[in-house]
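> Turn this into a model:
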Amino acid sequence: MKTRSKKMSRRSRKTASLQDYEDDAIITKAMSILECRATYRTETIGSPEDLKRYVRLRLSGLEHEVFTCIYLDTRHRII
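Down below sits the predicted model:
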């Protein structure tokens with residue numbers, strides 16, 4: 001009986017890890033698409049909330065703290 005439950009738990013872990021991998025791949029691709037849209041759009045950073053969303057998108061996946069500067073042109077677009 002224990003052998004069967006060990007096999008099932010191994011199988012469950014493998015399935016879970018595959019699902020995690022697929023989820024991570026999907027999230028990574030989605031972030032890449034969103035980053036391209038945010039970087040190449042002609043809209044300006046019109047408010048602190050817009051900047052907050054942009055920074056969250058760029059830095060949320062990091063596991064460590066970073067210091068960053070964001071430079072804007074005279075039309076409030078990210079350089």
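> Tell me which helix or strand comes right after the helix or strand of the chain with the lowest mean pLDDT.
Here the helix or strand of the chain ranked lowest by mean pLDDT, DSSP states H and E is helix 2-40, holding a mean of 67. Next helix or strand after helix 2-40 toward the C-terminus (DSSP states H and E): helix 48-59.
> Which residues in that following helix does the neighbour count mark as buried?
Buried residues in helix 48-59, defined by neighbour count with 16 or more other C-beta atoms under 10 Å: 54, 58. All C-beta atoms are positioned from the backbone trio N, CA, C, and that covers glycine.
> what about that helix, average pLDDT?
Confidence for helix 48-59, expressed as mean pLDDT, is 83.
> And for it, what's in contact with it?
31, 34, 35, 38, 45, 66, 68, 70, 78 (C-beta atoms under 8 Å, 6 or more residues apart in numbering).
> could you dump that helix to PDB, C-alpha only?
C-alpha atoms of helix 48-59 as PDB (Å, rounded to 0.1, in the frame of the first residue of the first chain):
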ATOM      1  CA  PRO A  48       2.600  58.400 -11.100                       C
ATOM      2  CA  GLU A  49       0.200  55.500 -11.300                       C
ATOM      3  CA  ASP A  50       1.300  54.800 -14.900                       C
ATOM      4  CA  LEU A  51       4.900  54.800 -13.800                       C
ATOM      5  CA  LYS A  52       4.200  52.500 -10.900                       C
ATOM      6  CA  ARG A  53       2.600  50.000 -13.300                       C
ATOM      7  CA  TYR A  54       5.500  50.200 -15.700                       C
ATOM      8  CA  VAL A  55       8.100  49.600 -12.900                       C
ATOM      9  CA  ARG A  56       6.000  46.800 -11.400                       C
ATOM     10  CA  LEU A  57       6.000  45.100 -14.800                       C
ATOM     11  CA  ARG A  58       9.700  45.500 -15.300                       C
ATOM     12  CA  LEU A  59      10.900  44.500 -11.800                       C
END
